[in-house]
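*Asks:* Fold the following, please.
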Amino acid sequence: MSWLRTMMHQEPIIVWSFIIGGVGLALPLVVPPIREAMGYGAPTPKSPPPVRQLIETAKQ
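*Replies:* Residues are numbered from 1 along each chain as shown. Coordinates of the predicted model:
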């Protein structure tokens, strides 16, 4: 672990970049179970309204 301390002292930007990248890689594994435990389901994609409905609302 002394190499980590040395790198943190000499090149902190590189070390923090690796730490932030590791957190970013771990988030997709951690967040979905937390969301499900909180009661949120998988998000459903919203589709645009049918063209016929758009035309009817434009006529009014």
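*Asks:* now the strands: where do they sit in this protein?
*Replies:* Assigned by DSSP state E, the strands in the chain number zero.
*Asks:* quick one: low-confidence ranges for it?
*Replies:* In the prediction, the chain carries no residues with pLDDT under 70.
*Asks:* rerun that using 80 as the cut-off
*Replies:* The chain contains residues with pLDDT under 80 at 1, 41-43, 45, 60.
*Asks:* what about the helices in it?
*Replies:* Using DSSP state H, the helices of the chain run over 2-10, 12-37, 51-59.
*Asks:* So which of these is nearest Pro43?
*Replies:* Nearest to Pro43 among the helices of the chain is helix 12-37 (9.2 Å), distances taken as Cβ to Cβ. All C-beta atoms are positioned from the backbone trio N, CA, C, and that covers glycine.
*Asks:* still on that earlier bit, could I get the helices of the chain as CSV with mean neighbour count and distance to Pro45?
*Replies:* Listed next are the helices of the chain as CSV, based on neighbours: other Cβ atoms under 10 Å; distance: least, Cβ to Cβ, whole Å:
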stretch, mean neighbour count, distance to Pro45
helix 2-10, 10, 43
helix 12-37, 10, 16
helix 51-59, 9, 18
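*Asks:* Pipe the ones you listed into a markdown table and attach distance to Pro43 per row.
*Replies:* Listed next are the helices of the chain as a markdown table, based on distance: least, Cβ to Cβ, whole Å:
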| stretch | distance to Pro43 |
| --- | --- |
| helix 2-10 | 38 |
| helix 12-37 | 9 |
| helix 51-59 | 23 |
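*Asks:* chain center to stretch 39-58, what's the gap?
*Replies:* How far stretch 39-58 lies from its chain's middle: 23 Å, per Cα atoms, centre = their mean, to the nearest Å.
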